[in-house]
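**Student:** predicted model, plus sequence, below.
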Amino acid sequence: MSPIVQGLLTIVIGVGGCVGYFYASNLILDKVIFPIQAKNPGRNINRANMVRPWLFLFPAMFALSLYLLYPVVGSFWRSLFNRAGDEFIGLGNYASLAADSTFQTAFLNNLLWMLVVPAASTFLGLLVAQLTDRIRWGNIAKSLIFMPMAISFVGASLIWKFVYANNPDIGLINAIRFAFGATETLDVLQLRFWNNFFLMAILIWIQTGFAMVILSAALRGIPEETIEAAIIDGANPFEIFFKIKVPQIMGTIVVVWTTITILVLKVFDIVYTMTGGNFGTEILPSYMMSYMFRDDGRATAVAFVIMLIVLPVMIWNIRQARQEMK
Amino acid sequence: MKNQIFTAAAALALMSTTALADGHLPFAPGEGAFSWDSYTAFAEANDFAGQTVTITGPWTGNEKEKFDAVVAYFAEATGATVNYSGSDSFEQDIVVSARAGSAPNLAVFPQPGLAADMASQGLLTPLPEGTSDWVAENFAAGQSWVDLGTYADADGTDQMYGMFYRVDLKSLVWYSPEAFDEAGFDIPTTMEELKALTQQIADGGETPWCIGLGSGAATGWPATDWVEDMMLRTNSPADYDAWVANEMKFDDPKVVAAIEEFGFFARNDAFVDGGASAVANTDFRDSPTGLFEIPPKCYMHRQASFIPAFFPEGTTVGEDVDFFYFPAYAEKDLGAPVLGAGTLFSITNPSDATTAFLEFLKLPIAHEAWMAQGGFLTAHAGVNLETYSEDSLRAQGKILQDATTFRFDASDLMPAEIGAGAFWTGMVDYATGASAQDVAKGIQDRWDALN
Amino acid sequence: MDNIAGTKSSLTWAVHLSVALLVIIWLVPTVGLMVSSFRDRDQITASGWWLSPLPVTQNFAVKAEGDPVERDGLFVLEGNVFGEGSGTVSEFGGRRAAPTEFATGETGTLTRDRTLSVQADGSYTYTSPAEIKRAPSIYFASETPPEFSLGNYEQIFSSAGMDRAFINTLTVTIPATIIPILIAAFAAYALAWMEFPGRGLLIAMVVGLLVVPLQLALVPMLKLHNAMGVGQSFLGIWMAHTGFGLPLAIYLLRNYMVGLPRDIIESAKVDGATDFQVFTKIVLPLSFPALASFAIFQFLWTWNDLLVAKVFLPSNSESWVMTVKIADDLLGSRGGDWGILAAAAFVSIGVPLLVFFTMQRYLVRGLLAGSVK
């Protein structure tokens, strides 16, 4: 069966199945189990309404537990076993990770990514949001800076190969260096330590648009009066920006920051396509890929380390959400 | 007759779009020096119309096209559809898909080490009975190929899992005869001369070598070949074997010295195109094109016999480019060692058509069809050597014969985590500035962690 | 006053300039890719894409074929480097190492008293005191006009297998976008407008799961798929994408639905509508903007994904999606073929860019619903 036919069939079955499930389960609940026409219509309606949320929730909760909740437990459990999965070795995988110098590099690089990428993206996003706020072609500028959001990490990596290439006729960086009199090409992806920043630049390029869009909306939400009051007080534009605007949108800045932080921990594509983790650019997700299905114990241990790094963000997120609900 | 065959091929092409879309029959059956008789007999005895054989392997691009053409003969003979896909991350993908139960029928392993790994996890099916006897009888130095394809299964019993198809000769240096002629260089016959020539070219303001280690997820492997060749030129074959088995530690001074021999060429800015820093990040497939540029970016390129597949289109080996034996030290008295490797077929998902495909690989035609396309050497003793596309391939055959020592690629024999992992990345580190001692120590540590 | 107006206008100029600069920096890499995708392989390596509208000087080699004639005790070969064609030679040489040694019109002296002269129109004269046994090579530099063509695109669609990958990507993307929306919409409604114990806990769980790294799921889920007999297949990747997309879908949709006017929903309920009716007749149509924005998100995410495709789809070329095709095949086998790479990348980012520019409004709205209250 060709994948296209299979795909169409899946859409039909999937959509039909979902609609059918929701419709039929509601119907059964109302007509068969707790019929309104029965002796106690009031009690039955109440009972039906107690069950109904779970009918609505069931498919989603099932999929969520299967694909996200179970793996957290399952991965942790697997990470306690050896390579073949037949011998319980406790925290052995974690111990051998800690002793592995490549893991240490990957871990430190990841911390660097988590510091630099969200900071730079948020800063640049805020800058663009503020600068484009008052100019006439601001929307076009925003749209163009937002554009990389649509590009895959693989596509973005290829785009940036045309910037970083170790050849003055292909790579923009080397072309510029040659224009300023350099005679030797420079492979920026091999500059130890600094190459990490060149890889991060790709993600910053993608994420700045995201930060810009949200922060720009937040900036517009600031009450005009506070700014007018500051102008009357004689504040200059910089003071207005840093002392009046930024504090008011601090909450949004934090949200943007954490969202990008979480994303950073998922991105393995850029390193995979640009350097394959060589030249000291390994990060945890790409390091995990090199072990996955060869040594699942180790791979899941790496995944769990990533999970541990995100944990504080997760807890903070949940607390925020609960506060809002109250 | 010819017309009929072409119509048949066209009809087949319509039926099975994938296998034949790129691969038609490049050599009309019945013509030329090919061994058609056994092929015709095979075609009559086998009919697998409607069945599909899936194969994955490391050959992509130009090599995939050539293999597709070979496979077309099997499709033509049996009516089966063959679907070959090559991937740069074959080493990772095959393990994942074997575990997932979506493995192809056959896998083409570039490394016996990885195949042995998978056999021990029970992910491979032993070859049909009698294959080992057949290989022992019909391959040159047959028993050694049987040994290289025999691994312990999940219970520890030795079984034959791998059938070698395509042998690569690694100890070759490629050069442009025209460029050598115009510049007045002589072909070096000893390592001392080679080093002197390297220095001479660099002194003349030009670049002697093109070296590229890039290869996607397998980046670094070309350097392992250099080191292995250097091991054979500075140490005895017994030492080499001990190294492969890790009886000699990876950070043994002898191994470190061999790595540094590679560094003599690769870590000198004046000796390599683009400077030492370009080595690690230049793709091995792009690297030899430097020989063909005007003016040339380099004069020599050390790479295995398969590399002509990546030369620019229209390049004739023997005219535009030729090779010489990567020479040994005159003073060390280690003879003329030769490093080789090979790819092997293993069954990852058995079926009748798959067994038939392995039978097909025993036919001389399966080898001749690629030999005639170039870039292919075989250990099969029954093939007609006339079908080699170029004299140069015959000459490579001669290097094989003249070898006083033949050794299989060490990285291919080491456990996959070393030979297809730590050794690769270690060499990238070395090429980009780490010390040989540290790199060797790091690899040994990883090896120790395995046990 | 003048002074203040002056600084103000210079500040405005600074703003315009810096925005323009940022936009250029942001745009240049993509433009480079686009330009390169239309250029010929040899031209790409001969000059940077930023010089692509200008003619390119390339070096060529030709063999001086033909029968030498004996003249004044010398063996002479004559002909034209362009053969039947035409062109302009700027410099020439007799050695590969020095292909532009001599200017046209000069007579260059080569080794062993041989001489070579090439005119600007390409006609050459090669002389040798000894008999010429092997056709010598003549090297020359010539300008080629800029060339733009669809050649790279034709090649990736005809021989490189990108067409197949394109269809596979579509096949993965569409079901993986539609199905989670439906499932999530019901759940979001329940979490937004139905009262039941444990609701707060469930919302917290969804928020928590937003953050769970995907990597954690790969090993256990593929194992589970194997055990269920799904293995690596399109069905498997649809299920996986559905599972991974749900937290964001529920979160976005719930946030939006909570903001719908309470009185509409309550008056409908007073009129006797059931929850199911309220949901399908009122909430779903009103939530269209949120549904659209999640659809765009999920579409971009699944279209651009490499990781999930590498793990949950079979690793043969039949089922490669475009990202895998580029990362695992083209980058290697065509590593130096920049034109092919650029064209492939451009095909893979073309559809998302189209979706992006036509539906940007919804995307922005969705982002805001997700992050700003």
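**Tutor:** Received, thanks.

**Student:** look at the residue of the stretch 1-150 of chain C found nearest chain B and tell me its secondary structure.
**Tutor:** Per CB to the nearest CB, C:Asn59 is where the stretch 1-150 of chain C lies closest to chain B, at 4.0 Å. Any C-beta I mention is one placed from the backbone N, CA and C, and that applies to glycine too. Under DSSP: H, G, I helix; E, B strand; the rest coil, C:Asn59 falls in the strand class.

**Student:** how close does the residue nearest in space to the middle of chain B get to A:Asp169?
**Tutor:** Closest to where the C-alpha atoms of chain B average out (CA atoms, centre = their mean) is B:Asp168, at 4.4 Å. According to CB to CB, to the nearest Å, B:Asp168 and A:Asp169 sit 33 Å apart.

**Student:** walk me through the domains of the chain.
**Tutor:** Defaulting to chain A. Per automatic domain parsing, the structural domains of chain A span A:3-78, A:95-325.

**Student:** you answered for a different chain; I wanted chain C.
**Tutor:** According to automatic domain parsing, the ranges for chain C are C:2-53, C:56-144, C:154-371.

**Student:** pLDDT of the second one, averaged?
**Tutor:** For domain C:56-144, mean pLDDT is 83.

**Student:** ok, and does it reach over to chain A?
**Tutor:** No. Judged by CB under 8 Å from any CB of the partner chain, domain C:56-144 and chain A are separated, with a smallest distance of 9.7 Å.

**Student:** and the end-to-end length of that domain?
**Tutor:** Start and end residues of domain C:56-144 are separated by 5 Å (CA to CA, to the nearest Å).

**Student:** pLDDT wise, what is B:Leu363 at?
**Tutor:** B:Leu363 is assigned 91 on the pLDDT scale.

**Student:** contacting residues for it?
**Tutor:** By CB atoms under 8 Å, 6 or more residues apart in numbering or on different chains, the contact list for B:Leu363 reads B:35, B:38-39, B:42.

**Student:** let's see 6 Å
**Tutor:** B:38-39, B:42 (CB atoms under 6 Å, 6 or more residues apart in numbering or on different chains).

**Student:** list buried residues within those.
**Tutor:** B:39, B:42 (16 or more other CB atoms under 10 Å in any protein chain shown).

**Student:** out of the contacts of B:Leu363, who's nearest C:Ala141?
**Tutor:** B:Tyr39 (50.3 Å; CB to CB).

**Student:** check which helix or strand the closest one maps to.
**Tutor:** helix B:36-45 (DSSP states H and E).

**Student:** could you count how many residues lie near C:Arg199?
**Tutor:** 16 (other CB atoms under 10 Å in any protein chain shown).

**Student:** same thing with B:Lys332?
**Tutor:** Neighbours of B:Lys332 (other CB under 10 Å): 14.

**Student:** ok, the one 4 residues further on next?
**Tutor:** For B:Ala336, the neighbour count with other CB under 10 Å is 17.

**Student:** surely it is in contact with B:Thr404?
**Tutor:** Yes. The criterion here is CB atoms under 6 Å, and B:Ala336 meets it with B:Thr404 at 5.1 Å.

**Student:** can you name the next helix or strand after the longest helix belonging to chain B?
**Tutor:** For chain B, the helix with the greatest residue count under DSSP state H is helix B:61-78. For helix B:61-78, the following helix or strand on the C-terminal side (DSSP H and E) is strand B:81-86.

**Student:** so whatever helix or strand comes next after that following strand, near chain A or not?
**Tutor:** Following strand B:81-86 in sequence order, the next helix or strand is helix B:90-100 (DSSP H and E). Yes. Helix B:90-100 reaches chain A (CB under 6 Å from any CB of the partner chain) through B:95-96, B:99.

**Student:** for those residues, which one is nearest C:Pro68?
**Tutor:** Closest approach between those and C:Pro68, by CB to CB: B:Val95, at 61.8 Å.

**Student:** and the pLDDT at the closest one?
**Tutor:** Value for B:Val95, per-residue pLDDT: 83.

**Student:** so what pLDDT did B:Gln401 get?
**Tutor:** We note a pLDDT of 65 for B:Gln401 in this prediction.

**Student:** repeat for B:Gln396
**Tutor:** Turning to B:Gln396, the model gives it a pLDDT of 82.

**Student:** same check, this time on B:Met1
**Tutor:** For B:Met1, the predicted pLDDT is 35.

**Student:** ranges for the helices of the stretch 151-300 of chain C?
**Tutor:** For the stretch 151-300 of chain C, applying DSSP state H, counting those that start in this stretch gives helices covering C:151-158, C:162-193, C:199-209, C:215-228, C:234-258, C:262-270, C:275-277, C:284-286, C:288-304.

**Student:** if we can go back for a sec, tabulate the residues of helix B:90-100 next to chain A (TSV), appending distance to B:Pro296.
**Tutor:** Below are these laid out as TSV (distance: CB to CB, whole Å):
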residue	distance to B:Pro296
B:Val95	41
B:Val96	42
B:Arg99	47
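
**Student:** show me which residues of chain A sit near chain B.
**Tutor:** Within reach of chain B by CB under 6 Å from any CB, chain A has these residues: A:166, A:187, A:190, A:276, A:278-279, A:293-294.

**Student:** farthest pair within these?
**Tutor:** A:Asn166 and A:Phe293 (32.6 Å).

**Student:** find the helix or strand that the residue in the stretch 301-450 of chain B positioned nearest to chain A is a member of.
**Tutor:** Of all residues in the stretch 301-450 of chain B, B:Val428 sits closest to chain A, at 4.6 Å by CB to the nearest CB. In the assignment (DSSP H and E), B:Val428 maps to helix B:423-431.

**Student:** contacts for the helix or strand that that helix is followed by next, please.
**Tutor:** Downstream of helix B:423-431, the next assigned helix or strand under DSSP H and E is helix B:436-450. With CB under 6 Å, 6+ apart as the test, helix B:436-450 has contacts from B:246, B:249-251, B:255-256, B:259-260, B:418, B:422-423, B:426, B:429-430.
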